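Asker: sequence first, predicted model second:
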Amino acid sequence: MHRLVLLLTLSIGLAACETTSSNETTDPLSPAAVPAATDAVARYAVDASPGASAPVISGAGSSIVVQVGSYYTSALGERCRRVVLSDGFGRSQVSAVCLVDNGWTTVVGL
């Protein structure tokens, strides 16, 4: 009798649990799971493949070439992506695009 009560209790408890298929889960760090990037460099870098480069209009209105590197975790624990920003005058600057509280943003000059 005690076994029957125990089995009924367990089956009711397990029936109340909700399961989700692996198709329904979303990576909390994926670009789709966070707000859109607020600047053009970050928008390009988040969606580009490693090694890709393209001209992007900066917030100041000038054209810069963005070369995209790989993802890494910063010392602050933020998910970032290395980028190299180049102007038309032969100058380059290593920077990053990082996922912060309000979405992806560009951190210029590392």
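Answerer: In hand now; what should we look at?
Asker: shaky segments in this structure?
Answerer: 1-36, 110 (pLDDT under 70).
Asker: Leu99 pairs with what?
Answerer: Beta-bridge partners for Leu99, by DSSP bridges, are Trp104.
Asker: just give me the neighbour total for it.
Answerer: Leu99 has 23 neighbouring residues, counting by other CB atoms under 10 Å. To be clear about C-beta, it is placed using only N, CA and C from the backbone, and glycine gets the same treatment.
Asker: pretty sure it is touching Gly77, no?
Answerer: No. Look at Leu99 against Gly77 with CB atoms under 8 Å: they stay out of range, at 10.3 Å.
Asker: how far away is Ala52 from Ser62?
Answerer: 20 Å (CB to CB, to the nearest Å).
Asker: would you list the phi and psi of Asp101?
Answerer: For Asp101, the backbone dihedrals (degrees, to the nearest 10) come out as phi -50, psi -40.
Asker: no wait, Val46
Answerer: The phi/psi pair for Val46 (degrees, to the nearest 10) is phi -70, psi -40.
Asker: and the helices in the protein?
Answerer: Assigned by DSSP state H, the helices in the chain fall at 2-15, 40-47.
Asker: for the last one, name the packing helices and strands.
Answerer: In terms of contact count using 3 or more CB pairs under 8 Å, 6 or more residues apart in numbering; DSSP states H and E, helix 40-47 is assigned the packing partners strand 53-57, strand 63-73, strand 79-86, strand 92-100, strand 103-107.
Asker: make CSV out of those strands and add distance to Ala40.
Answerer: Output for those, formatted as CSV (distance: least, CB to CB, whole Å):
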stretch, distance to Ala40
strand 53-57, 5
strand 63-73, 9
strand 79-86, 11
strand 92-100, 11
strand 103-107, 9
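Asker: out of those strands, the one nearest Ala37 is which?
Answerer: Comparing the helices and strands packed on helix 40-47 by their distance to Ala37 (CB to CB), the top pick is strand 103-107, with 3.9 Å.
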